[in-house]
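Chemist: Test case, fold it:
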Amino acid sequence: MEEEEQLRPFMFLMTYMLLKRRRDVNNAHIQRRSEIQRRIRHRQYFFQRQRRMLMMMIAGGIHSNVCIRTRPWTTTPSTDWWERVVMTEFQPSDWLDKFRMSQETFFYLCDKLRPRLARQDTSFRLALPVEKRVAVALWRLASNIEYRTISTLFGVGKSTVCRCVRDMCHAIVALLSAVYLRLPNEQELEDSAQLFLSHWGFPHCAAAIATLHTAIITPSSNASDYANPAGWLSVLSQVAVSGRGQFWDVCASFPGGTDPADILQNSSLWATAAEGGLSPSPPPIFMGKPLRYVLLGEACYPLQSWLMKAYPEEKGRKANHTTLTEPQQLFNLQLTRALRVSKEALSRLRARWQCLSKRNDCGLDVVPTMILACCILHNMCESHGDVFKAEWQSEVAEAESPQPSHKPLISTNMDQSHAEEIRRLFCDNFEQQSD
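Modeler: Model prediction:
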């Protein structure tokens, strides 16, 4: 009994504390519900008031001086220039100067990219039309001007300009590569070989391989790897150009200091050409022998049975003349002439899309895709017969840095004997033609 008397005060205290705790929890729940209901009533009142004011302005045509508070990002700059000037007043020459393509090609491109670029309207804002998104991106690729300038011109945010460029480049690569950047079929190979013979005087050739350096800003890491032989930072691309001056294969995203021979030997073009994928089957006849079509390359590439390059011109010890024979000199002359097709194609590419001729301030994750997109757009414009203005090349020649020259590759035994036999066949052909 005495123990129960001693525990009774403690039991009363515990009971009191539990009841008080329950009451506090109930009061907190009641206060929270009251606050939620108060906020809901306040929000409903605010929306009803705003809706009444908007309905009065729409129904009665009232020009109210009351400023309705909105979020900062919902304020849309003027788009009068795009809607009134470009879409209604631009002449054919204006489309070429500003977008580097005809109006017909522009809307063709918009239709092709619509599945990837179309966006839905929301309750907060209207989505940008596909045509405007493409125009913003093309303006950037063609001029390489700052995002804020394009932002002011088109009445969109700077982040929107950046997103339009990125989205369009990815869409072009995803949707148009299979049409405008692919390996040729047999008929296209024969047409290209005929063009090399008729325009450039080099027989039995399907394409020329060349390199393109695109200037970039200093990367955050491994900056020294991007220094090219000329000393400036760049991204190196390898291109294969047909006799029409269009690109068949492009390998981008390599640091500017990479050896072009390493890029070629690790590319799909190397495997395809070595297996005879760039020649009709069975091989056509050349100088009385069945021979696959060859590709032409500069001195920085390895000599292969399917890749011809010039004979090295070594200076004599006592005389100031070269040690090459007359047929070899003639071969070098004809090969140098034929390689102009790739130089001319790259010159037109950089002139039409000046983001490749000036320093590109995009990130390294965007530049390779941008290069591929520009090559595809080049092929599309050339295929559609869009006018190319010579003044574009003059502008680029004055502003851009000259493309670096690579060191000649020292000859190795890799496929050397058979390749030398084929190169001598071309020497014999040129010697016969000169007689």
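Chemist: Do you have the strands of the stretch 201-350 of the chain handy? List them.
Modeler: 205-215, 234-241, 247-255, 285-286, 289-290, 294-296, 307-308 (DSSP state E, counting those that start in this stretch).
Chemist: could these be laid out in TSV, adding mean pLDDT?
Modeler: Shown next, in TSV, are the strands of the stretch 201-350 of the chain (pLDDT from 0 to 100):
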stretch	mean pLDDT
strand 205-215	95
strand 234-241	96
strand 247-255	93
strand 285-286	92
strand 289-290	92
strand 294-296	97
strand 307-308	96
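Chemist: Redo these as CSV? Include distance to residue 335.
Modeler: Yep, even glycine has a C-beta here, placed from its N, CA and C like the rest. Below are the strands of the stretch 201-350 of the chain laid out as CSV (distance: least, CB to CB, whole Å):
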stretch, distance to residue 335
strand 205-215, 9
strand 234-241, 14
strand 247-255, 19
strand 285-286, 16
strand 289-290, 20
strand 294-296, 6
strand 307-308, 7
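Chemist: What distance do you get for the spatially most central residue of the chain to residue 168?
Modeler: Taking CA atoms, centre = their mean as the criterion, residue 370 is the residue nearest the geometric centre of the chain, at 1.4 Å. As judged by CB to CB, to the nearest Å, residue 370 and residue 168 stand 10 Å apart.
Chemist: Contacts made by the helix or strand bottoming out on mean pLDDT in the chain with the rest, please.
Modeler: When each helix and strand of the chain is scored by mean pLDDT, DSSP states H and E, helix 80 comes last, with a mean of 70. Residues outside helix 80 that contact it (CB atoms under 8 Å, 6 or more residues apart in numbering): residue 155.
Chemist: Would you pull up how far that helix lies from the middle of the chain?
Modeler: In terms of CA atoms, centre = their mean, to the nearest Å, the centre of helix 80 is found 29 Å from the chain centre.
Chemist: what's the next secondary structure element after that helix?
Modeler: Using DSSP states H and E, the next helix or strand after helix 80 towards the C-terminus is helix 87-89.
Chemist: Where does pLDDT dip in the stretch 1-150 of the chain?
Modeler: Within the stretch 1-150 of the chain, the segments meeting pLDDT under 70 span 1, 56-79.
Chemist: now do 80
Modeler: Residue ranges of the stretch 1-150 of the chain with pLDDT under 80: 1-8, 10, 12, 42-43, 45-81, 83, 121-125.
Chemist: what about the strands in it?
Modeler: Under DSSP E, counting those that start in this stretch, the stretch 1-150 of the chain gives no strands.
Chemist: if we can go back for a sec, Serialize the strands of the stretch 201-350 of the chain to JSON lines and add fields for mean neighbour count and distance to residue 223.
Modeler: As requested, these are exported to JSON lines (neighbours: other CB atoms under 10 Å; distance: least, CB to CB, whole Å):
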{"stretch": "strand 205-215", "mean neighbour count": "25", "distance to residue 223": "13"}
{"stretch": "strand 234-241", "mean neighbour count": "24", "distance to residue 223": "11"}
{"stretch": "strand 247-255", "mean neighbour count": "21", "distance to residue 223": "9"}
{"stretch": "strand 285-286", "mean neighbour count": "14", "distance to residue 223": "47"}
{"stretch": "strand 289-290", "mean neighbour count": "10", "distance to residue 223": "50"}
{"stretch": "strand 294-296", "mean neighbour count": "26", "distance to residue 223": "33"}
{"stretch": "strand 307-308", "mean neighbour count": "22", "distance to residue 223": "32"}
